[in-house]
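Colleague: Sequence and computational prediction follow.
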Amino acid sequence: MVKVILQLYPMLRAESEAEREALRPIGRNSDRFQEFVRDLPALAKKADELGVYAITSVEHHFHSEGYEVGPAPTVLAALLAGITKNVRVGALGYTMSANNPIRIAEETALIDQYSQGRSVVGFSRGYQARWTDILGQHYGAGATQSPDGFSQSQIDARSDEQLKAEFDKDRRNRDVFEENVQIVVDAWTKDTITADGINWKVPYPITGIATPMKDVTSRLGAPGEIGDDGLQQAISVVPSTVQKPHPPVFIASNTSKATVEYAATRGFRPTHFSKITQAASFAEAYVDEAKKVGLDVAYGEKQALVRWIQIAETNEKAREQVMKYDEEIYRNLYWPLTPKMPLDKDDPVTAMVNGGLFNVGTLEEVKAEFIAQWKQLPAEYCVLIYHFPHMPGDLVAEQLELFMTEIKPELDKLTAAYENDD
């Protein structure tokens, strides 16, 4: 069975780019953000009723233009947990090259507790420099475009020194990311944790902390927190998660095969922001890498494919919806940040559709496209991104219902062989 994830950012509404300019900085416009607050409950409850697997958000900062105004996904997940009954809630995901892993472990465990085990957690490495470089500065980590995924033209455009600098920056980002994710997982799954990594010493210093509570903690705290010398030798991160060993973990993946292989060795779920051919290739690599550590997964299992969709009565109207609700955001946000995505200013919709991330047309056309893609990669998860509330909630709900009732049953037939309960 395909597990559908509804990904919301949010994207603040503007009737035109001229209005967005007139209201600058619209990202700080409370009236426009209140549209998200006002309309979210109805959309979330509709998704819950339809059997959507999860509703998630993203962690991005400083979007004064009104795109991706999602600086605190934990807060949104707590709100969603309180107004839904069955759907999972969480983030896809936290940028771990710019976060405190202990705080993320605590916050996500709280969401799992508040939702009574209905949470998912996603992690990303960070590709937006204007905020990852700032919030990650104390780690010496910055945003990365994963140079191991560069095209030949991108390589040719850089000197040897520039390439080395980008690979060095990417390596630092990855080292920080992996250390921080490991601390989160340890905090979820162990009564006590220690760390002696490139950025974290737990306790600090490693030799131990003198605490006035040593006698109390020795009697009432976690075994091993206090050593025979009376010093704090480990910490116990509370609370634990309801789900054992921990909530399902998703890892954002775009061009880096190494990220997918990392996910495979830990049983995490790569989330492919890529066209079907690349996602299928990476999914094969995932299966091969998982086998090396004794994990037996079927092709497509634990894989998540990301898509933007627009469905309408005619193909022409669906393309009009792309132009109205997606084109500006694609042109002003996605394309500058990920220039490998195609852009044709004379015919932007065709370029977007041909890029492989958008499925656009009538219900039958979109259904056929999804079936064709799932025959290439029968992914266990499908992440649907809508630019809500820039795209009205009632239209998002209408399209989501069409997907859940008309398209998902066809995809379920292609994934039934490895149905997996998280």
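Modeller: Received, thanks. Numbering: from 1, shown residues only.

Colleague: Can you pull the phi/psi pair for the residue nearest to the spatial centre of the chain?
Modeller: Per CA atoms, centre = their mean, the C-alpha nearest to the average position across the chain is that of residue 92, at 2.1 Å. Here is the backbone geometry of residue 92 (degrees, to the nearest 10): phi -130, psi 80.

Colleague: what about the nearest residue to it once chain neighbours are set aside, distance to residue 415?
Modeller: Using CB to CB, 6 or more residues apart in numbering and skipping residues adjacent in sequence, the residue nearest residue 92 is residue 122, 3.5 Å away. From N, CA and C alone the C-beta is placed, and that goes for glycine too. Separation of residue 122 from residue 415 (CB to CB, to the nearest Å): 20 Å.

Colleague: can you check residue 313 too?
Modeller: 29 Å.

Colleague: who has more neighbours, these two?
Modeller: More crowded of residue 313 and residue 415, by other CB atoms under 10 Å: residue 415, with 22 against 9.

Colleague: give me the element that one is part of.
Modeller: helix 408-415 (DSSP states H and E).

Colleague: Touching, residue 247 and residue 113? I think so.
Modeller: No. Contact between residue 247 and residue 113 fails when scored by CB atoms under 8 Å: they sit 10.9 Å apart.

Colleague: can you pull the contacts of the closest residue to residue 29 other than its chain neighbours?
Modeller: Closest residue to residue 29 apart from its sequence neighbours, by CB to CB, 6+ apart: residue 23 at 5.6 Å. Residues near residue 23 by CB atoms under 8 Å, 6 or more residues apart in numbering: 14, 29, 32, 66.

Colleague: Name the helix or strand of this protein that has the lowest mean pLDDT.
Modeller: helix 152-156 (a mean of 75; mean pLDDT, DSSP states H and E).

Colleague: CA-only coordinates of it in CSV, if you can.
Modeller: Output of helix 152-156 as CSV, limited to C-alpha atoms (Å, rounded to 0.1, in the frame of the first residue of the first chain):
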residue,chain,number,x,y,z
GLN,A,152,29.9,17.6,-16.4
SER,A,153,29.0,21.2,-17.4
GLN,A,154,28.9,22.2,-13.7
ILE,A,155,32.3,20.6,-13.2
ASP,A,156,33.8,22.3,-16.3
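
Colleague: Relative to the whole chain's centre, how far out is it?
Modeller: 28 Å (CA atoms, centre = their mean, to the nearest Å).

Colleague: likewise stretch 81-93?
Modeller: Worked out by CA atoms, centre = their mean, stretch 81-93 lies 14 Å from the chain centre.

Colleague: Next, the buried residues of stretch 372-388.
Modeller: 373-374, 377-388 (16 or more other CB atoms under 10 Å).

Colleague: returning to what we had before: pull up the overlap in contacts between residue 247 and residue 113.
Modeller: Joint contacts of residue 247 and residue 113 (CB under 8 Å, 6+ apart) are residue 241.

Colleague: Spell out which two among the contacts of residue 23 are the most distant pair, please.
Modeller: Among these, the pair separated by the greatest distance (CB to CB) is 14 and 29, at 9.5 Å.

Colleague: If you count surrounding residues, which of the two has more?
Modeller: In this view residue 14 and residue 29 are compared by other CB under 10 Å, and residue 14 has more residues nearby, 21 against 18.
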